[in-house]
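# build the 3D model from these lines:
(3 chains)
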Amino acid sequence: MGVTLSVPADAGRRRIEQLLQDNEERVLRRWQEIAGSSSTGNVDRADLAAQLRELFQALLQSLGEGGDSSDLRGLLAELSRNRARQGFTPSETAIVVFGLKEAVYEFIETDGSPEALRGFVWFSQLIDDLGLFTIENYSAAREKVIVDQAEQLLELSTPVVKLWEGIVAVPLVGTLDSARTQVVMEKLLQTLVDTGSEHAVIDITGVPAVDTQVAQHLLKTVVAARLMGAECVISGIRPQIAHTIVTLGIEFGDIVTKASLADALAHALRESGVEFVSRRTRVAVRTEEG
Amino acid sequence: MTTPTELPINGNNDVVLVRQHVRTAAVDVGLSLVDQTKVVTAASELARNALVYAGGGRVRVEIVQNGLRKGLRLTFSDEGPGIPDIEQALVDGWTTGGGLGLGLSGSRRLVDEFDLKSAPGEGTLITVTKWAR
Amino acid sequence: MDRVPVLKLGDILIVSIQIDLQDQSVLALQEDLADKVVATGARGVIIDITAVEIVDSFIGRMLATIAAISRMLDAETVVVGMRPAVAITLVELGLSLGGVRTALNLEKGVALLKHLEAPRITTAAR
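Here you go, the predicted structure:
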């Protein structure tokens, strides 16, 4: 221990850099072996080897006076992002980086000089930093995946369907939160523009409960649709929801509400000039001009 | 992109320039189309306020980060007469400038964070932030 | 300062706003339209805002004012083509555009004016 401490840190660092450069190929090969054997399952060995070679080159570049570590960090970030998406565990990702420590240590042992040992402390810290950096990137990528999936889920759960020429509907099912209501509403309004529909039905039969915020969003959508030149009908309001809305003191004003989707459709058809004629048991529909 | 920019608000045309600049920054931050529209509208209201009530001012446009979330922060400042009663100024329909009285109160609803500092004779400083979803 | 052109089609005046308007241009448009309604005896005004990316309280007020002035001059105003994002923002801002009729697009705007016009013609014919 006493010997190690008497060596200046700089000398140790230089020694390691020298060691890495002298034994470039051998250290790399050992690293590839260690990383390869610790990674389980579906790792493409050739792929991994190539990645490690790139990483190692970038590492050498980052060493020494005025070394640039941006390449190295970029490559590490890419590696962690890919691994996160491919479903590797955090340990499987980090072990790739930590494997280099083991590989280098074997060469330091052979070297045996106090400088090398002193330098290994520095090198070890460097690798720890890079390992942490990898994990951070890994979890950021994972969070991104979760956010993307949540968005896709929102898209999936909000179909806007055409009921008739000029009439579209959004059947809302499940719990509505503020974010989801907002997405649905934006999609509904965009559909009005895209299809030139002047009537929309928002059906909330499948919605178990409505809070103030969601009710406000529904209201705002109806008002926004009016500003665009379209009319909205809200249908399928359950008794409990009607009760909540009244208790909360939310003013629905002159917004048309209907008990069922069928009533809402009939209303929208009437508004757009479609007339129903009953003939015996069959119902024929005649469209009038407009 | 990450360096804040300062734009002057000295004339009607500057309001248009502020809108365009804020739109570009909002796209860079990755705000949704609706959120872009909201923050640009708020910028338009606040820039016009600076022009109408203080005879001019400036706005600082910067991109801010909070963990994974990115946001757009706008800081409007002027050396005008200031606002004597901030609470009153934030009430819908209250105006001293002949407008609709929706500039301040409306802008506050269009952004995620709204901070107003003002005192009579000391000008007005308004900071608004819109976070990407 | 840019001036917005006012087009005449039959007894309808059509204004299509294509640029980011500064306040002066908005005020000029308001005056131009009033003059043109009187000069041409137009019965309807259509303001197409399909290309408009934001409507703030100033432009919103201008739309309401144009509608009110035109109505006094016996012409109905229809604002057409408002984008969803603009509509959502206006609602949040607290602006209702009271008294302004709206339609999804130019075609529907013309149809709406014709529809409003129809009863007047029948009464006149009697």
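# assumed residue A:49 was part of a strand.
No. Assigned with DSSP: H, G, I helix; E, B strand; the rest coil, residue A:49 falls outside any strand and is helix.
# contacting residues around the closest residue to it other than its chain neighbours?
Counting by Cβ to Cβ, 6 or more residues apart in numbering or on different chains, residue A:32 is the residue found nearest to residue A:49 once chain neighbours are left out, at 4.9 Å. (Glycine included, C-beta is placed from N, CA and C.) By Cβ atoms under 8 Å, 6 or more residues apart in numbering or on different chains, the contact list for residue A:32 reads A:48-49, A:52-53.
# what does chain C have sitting close to chain B?
Residues of chain C found near chain B (Cβ under 8 Å from any Cβ of the partner chain) are C:20-24, C:53-58, C:60-61, C:83-86, C:88-89, C:92-95.
# pop out the phi and psi values for residue A:255.
phi -80, psi 130 (degrees, to the nearest 10).
# let me know how buried it is, in neighbour terms.
Neighbours of residue A:255 under the rule other Cβ atoms under 10 Å in any protein chain shown: 16.
# wouldn't it be in contact with residue A:219 here?
Yes. Counting by Cβ atoms under 8 Å, residue A:219 is a contact partner of residue A:255 at 7.1 Å.
# phi first, then psi, for residue 109.
No chain specified, so I'll use chain A. phi -60, psi -50.
# how many neighbours does it have?
Residue A:109 has 11 neighbours, counted by other Cβ under 10 Å.
# now the residue in chain B that chain A sits nearest to: how far from residue C:113?
At 5.8 Å from chain A, residue B:34 is the closest residue in chain B, using Cβ to the nearest Cβ. Distance of residue B:34 to residue C:113, given as Cβ to Cβ, to the nearest Å: 30 Å.
# try residue A:11
In this structure, residue A:11 and residue C:113 are 88 Å apart, going by Cβ to Cβ.
# if you count contacts, what does the lowest-mean-pLDDT helix or strand in chain B end up packed against?
Ranked by mean pLDDT, DSSP states H and E, the helix or strand of chain B with the weakest confidence is helix B:86-89, at a mean of 80. Packing partners of helix B:86-89 (3 or more Cβ pairs under 8 Å, 6 or more residues apart in numbering or on different chains; DSSP states H and E): strand B:113-118.
# 10 Å instead?
Under the contact criterion of 3 or more Cβ pairs under 10 Å, 6 or more residues apart in numbering or on different chains; DSSP states H and E, helix B:86-89 touches helix B:103-110, strand B:113-118.
# touching that helix from outside, list them.
For helix B:86-89, the external contacting residues (Cβ atoms under 10 Å, 6 or more residues apart in numbering or on different chains) are B:49, B:53, B:83, B:94-96, B:101, B:103-105, B:116-119, B:124.
# residues contacting whichever residue of chain A sits closest to chain B?
Closest residue of chain A to chain B, Cβ to the nearest Cβ: residue A:186 (5.8 Å). Residue A:186 sits next to A:158, A:221, A:224, B:32-34, C:84-85, C:88 when contact means Cβ under 10 Å, 6+ apart.
# which helix or strand contains it?
Assigned by DSSP states H and E, residue A:186 falls within helix A:178-195.
# how about the helices of chain B, start to end?
Here chain B has its helices, by DSSP state H, at B:12-29, B:33-54, B:86-89, B:103-110.
# so how far is the first one from its chain's centroid?
Think helix B:12-29. The chain centroid and the centroid of helix B:12-29 are separated by 11 Å under Cα atoms, centre = their mean, to the nearest Å.
# how about it, does it reach chain A?
No. Contact of helix B:12-29 with chain A (Cβ under 10 Å from any Cβ of the partner chain) is absent, the minimum separation being 15.4 Å.
# so how far is chain C from residue A:262?
25 Å (Cβ to the nearest Cβ, to the nearest Å).
# shouldn't that residue be in contact with residue A:169?
No. Taking Cβ atoms under 10 Å as the definition, residue A:262 is not a contact partner of residue A:169, at 11.2 Å.
# for those two, indicate the residue with more neighbours.
When neighbours are counted by other Cβ under 10 Å, residue A:262 and residue A:169 differ, and residue A:169 comes out ahead with 25 against 10.
# please name the nearest non-neighbouring residue to the more buried one.
Closest residue in space to residue A:169, ignoring its immediate chain neighbours: residue A:201 at 4.1 Å, by Cβ to Cβ, 6+ apart.
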